[in-house]
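Colleague: I'd like to go over a predicted model; first the sequence, then the structure.
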Amino acid sequence: MAPKLFRNATIISFDEDAQSIKVLRDTDVLVKNDTIAAIEKDIQSPDEAEVVDATNKILSPGFIDTHTHLWQTALRTLAPDTTLAEYFSSYSHYSPLSASFSPEDLYISTLAGILEALNGGTTTLLEHAHNNWSVDAVKRGYDAGVQSGARMWWCCAAEHRNGITDEEMLEALGQRHRSGNEGGLMELGLAWDGMGTQSEEEVERVKGLVRKHDLKALTLHHLGSPWPFDNSPSLAASPPKSLQSLNLPTIFSHAGFATPADISALRKHNWHLSITPESELHYGHGQQTSRLVQDQASLGIDTSFTFSGDLLTQARIWLQTARGTEYNRALGTGKIPDRNPMKVEEAFLLATRQGALALRREDLGVLRVGAKADIVCFSGEAPNMAGWSDPVAAVILHANVGDVRDVMVGGEWRKREGELMLKEGTWKAFREGFVEVARRVQRENERPQALGEKFMGVGEWADVEIMGTRRREG
Ligand SMILES: [Zn+2]
């Protein structure tokens, strides 16, 4: 692979000593193989290097998304007004809809989702892979990850399902991983929903599988009050004590009702949250407390089939939601807020370095010598960005996916001058096949399932006030 040299860029770098962002101006970045080899002014170009003029452009670390379910991408726009309860019955992996996806459909749908992420500057994803209704489905999801060229933690939701055991699922996936991890960007992990309700004996058995397959991360959904099927109402009480001996990166998705004990458990064990701001607002998971533990948090998207799939949007929604929540709390005292509660730099770090820390990979999510060359170049020239002086504010508050000009993962281009670079073929050719799958699975699943008397037989329904633009009688 030829070295690549970004010339004369504005770089959002990270100062390890100060533990904060450091902006470098008119500076060059040299990439050799999959790593950042130098960040300096006026680097002498190696003879064979590909030189990119980055004058007036912004270089950012690639974004890190710590919670996705990408097999559902072909459902895009099918459920714009759904709730979480409706999601479970009509669109989740447990709904009848999964039967519409052949292993090949699933491969195409998953790959389309990862390409959306890459197009928007996300270079690393943790997939909570609940495409687990057949061994072929498990394998083809993984294949899409390899084919995408993104850096991925592929966390298989291995469980006993459709007559297949978790051991069989992990065995098939492990084989695939040993022979098919072309490019070496995939890591295997376990998505372990329900862990907290399992016996210590069962937990020990699963831990044996984690060790056998050398799994590199654990992830699980956690909702908390009032959701009835959770691991436990308390996140701190949820993971069995013996889990600590695995000492793996562990990411709880959502967890918006954390108690003070939960927050101290996250810090004590170095476990992380994945906040998925748009998902939690859209579906109504509830998100009351994650702003209080952002030192152990990162950002995720969740189900991009029904809202935006880029981390820029998530960072912006989260920043302004957290600000608004604190402002409203202060205003509720009848007095005037005396400061802004959250800086734009914090939102940037949540979308980049914090994701890397959740995965315990200090060589990701930052632009510094020795870090992996996962780089996004923002053009900065469109009407929404021109005139910027602060690159962090420009990216978090003004940029959109259209401003993402180049994306590099491990030193390889995945987007160049605005065009996606697929490992095989072109986006245009791929898109035709994807649209065909999307049209068919959506046609087959137009009618949502009816909700029961109670949520999953136990949860009481709450009244929700309907808002709209049409004046109501009386
Ligand atoms: Zn999820």
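Modeller: Right, received. Where do you want to start?

Colleague: what residue ranges in the stretch 201-350 of the chain score low on pLDDT?
Modeller: 229-242 (pLDDT under 70).

Colleague: which residues of the stretch 251-400 of the chain fall in strands?
Modeller: In the stretch 251-400 of the chain, the strands defined using DSSP state E, counting those that start in this stretch lie at 272-275, 297-299, 375-378.

Colleague: ok, which of these comes nearest Q44?
Modeller: strand 375-378 (20.1 Å; CB to CB). All C-beta atoms are positioned from the backbone trio N, CA, C, and that covers glycine.

Colleague: direction included, what does the closest one pair up with?
Modeller: strand 58-61 (antiparallel), strand 404-409 (antiparallel) (DSSP bridges).

Colleague: so which of these is nearest C155?
Modeller: Set against C155 and scored by CB to CB, those come closest in strand 404-409, at 18.8 Å.

Colleague: mind listing residues that contact the closest one?
Modeller: Residues from elsewhere that reach strand 404-409 (CB atoms under 8 Å, 6 or more residues apart in numbering): 4, 31, 52, 57, 62, 118-121, 123, 149-151, 185, 373-379, 413-418.

Colleague: please redo it, this time with the cut-off set to 7 Å
Modeller: Applying CB atoms under 7 Å, 6 or more residues apart in numbering, the contact partners of strand 404-409 are 62, 118-121, 123, 149-151, 185, 373-379, 413-418.

Colleague: how about the secondary structure of the residue sitting nearest the centre point of the chain?
Modeller: Geometric centre of the chain, nearest residue: D65, 2.3 Å, by CA atoms, centre = their mean. When classified by DSSP: H, G, I helix; E, B strand; the rest coil, D65 comes out as strand.

Colleague: on that earlier part again, which of the strands of the stretch 251-400 of the chain sits closest to K454?
Modeller: Closest approach to K454 among the strands of the stretch 251-400 of the chain (CB to CB): strand 272-275, 28.3 Å.

Colleague: what about the closest residue to K415 other than its chain neighbours, how many neighbours?
Modeller: Distances taken as CB to CB, 6 or more residues apart in numbering put V407 closest to K415, at 3.8 Å, once the chain neighbours are dropped. A count of nearby residues for V407, using other CB atoms under 10 Å, gives 27.

Colleague: tell me which other helices or strands the lengthiest helix in the chain touches.
Modeller: With secondary structure taken from DSSP state H, the chain has its longest helix at helix 311-331. In terms of contacts (3 or more CB pairs under 7 Å, 6 or more residues apart in numbering; DSSP states H and E), helix 311-331 is packed against helix 277-279, strand 297-299, helix 344-351.

Colleague: between the ones you listed, which one is closest to F430.
Modeller: Across the helices and strands packed on helix 311-331, closest to F430 is helix 277-279 (CB to CB), at 25.4 Å.

Colleague: identify the residues contacting the closest one?
Modeller: For helix 277-279, contacts defined as CB under 7 Å, 6+ apart pick out 285, 301-303, 307-308, 313-314, 317-318, 321.
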